[in-house]
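S.K.: structural data only, the sequence is not supplied:
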């Protein structure tokens, strides 16, 4: 797909800074090699009363999908690694508030793709914890890897 | 002051669409000619833990001011008529979600400046009610003008 114009990328950067969320979930899941699934997301939120305009906005991106929560909030979700990287590559130069989150997310996605050992995975989890601190300023959890 | 670059204006449009609020208060005030003060605002919101970056963002605009609420939320407020018009003039071409609010606010500010009679003021209040419906989908209030 083609890259949106600089103005559209700048607009999307502003929208991400204002309304969006960049985060990564670490879900315990015994079917994964080290006992955890790593699920990164970029999400935008909007009241469902603005659905047509929100769909228009999301179509500027060209990937991801919209889901409607039971509480009437629309979520626009970008969840595929490649799409997240592409999107952050577009908007990073224009970000003000979430520049560090964007950079760290790119590092996490790169590290995720090249995990080759238990130590690599441990390092990746450290990166993810750094990220979560940036988002929530919370204390780290102690996690036990399997096997 | 100089106009920010197109990319910055597009970024600010995205931020306004994502995080900002355009609204107008109609405050009963007997010292005003028709018994009401009309107070228009553009406001951005942010947690105070991001203060330095939020200040950087706000400095892209070049007017308005930041205040810190007791609950730890920062508000960046543009409240002067001329500044609101200038800001909306910059961002309007790039807005997606709040385009109608922006246009209507400009109409309200123009009407406000040219009020010359009680009927003008009544029309202005109708415009303001239209605006409030756009924002909140609430029922109109019945208001009594003075004198």
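M.R.: Thanks, I have it. Just so we're clear, the structure is a prediction, and the values are computed from it rather than from any experiment. Numbers count the residues shown, from 1 in each chain, chains lettered A, B, ... in the order given.

S.K.: anything in the lengthiest strand in chain A near chain B?
M.R.: Using DSSP state E to define each element, chain A has its longest strand at strand A:36-47. Yes. Legend: contact between strand A:36-47 and chain B by Cβ under 8 Å from any Cβ of the partner chain is shown at A:44, A:46. Heads up, the C-betas are built off the backbone N, CA and C, glycines and all.

S.K.: quick check, the helix or strand bottoming out on mean pLDDT in chain A touching chain B?
M.R.: Every helix and strand in chain A was compared by mean pLDDT, DSSP states H and E; the lowest is helix A:118-136, with a mean of 89. No. Legend: contact between helix A:118-136 and chain B by Cβ under 8 Å from any Cβ is lacking; minimum distance shown is 10.1 Å.

S.K.: can you list the residues of chain A near chain B?
M.R.: So far as Cβ under 8 Å from any Cβ goes, chain A lies against chain B at A:6-8, A:10-20, A:44, A:46, A:49-50, A:53-54, A:56-57, A:60, A:94, A:96-97, A:137.

S.K.: could you pick out the buried ones from these?
M.R.: A:7-8, A:10-20, A:44, A:46, A:50, A:53-54, A:57, A:94, A:96-97 (16 or more other Cβ atoms under 10 Å in any protein chain shown).

S.K.: those in helices, which ones?
M.R.: A:7-8, A:10-19, A:53-54, A:57 (DSSP state H).

S.K.: which one of the residues you listed is nearest to residue B:127?
M.R.: residue A:53 (21.2 Å; Cβ to Cβ).

S.K.: give me the distance between the closest one and residue A:60.
M.R.: 11 Å (Cβ to Cβ, to the nearest Å).

S.K.: now do the shared contacts for the two.
M.R.: residue B:96 (Cβ atoms under 8 Å, 6 or more residues apart in numbering or on different chains).
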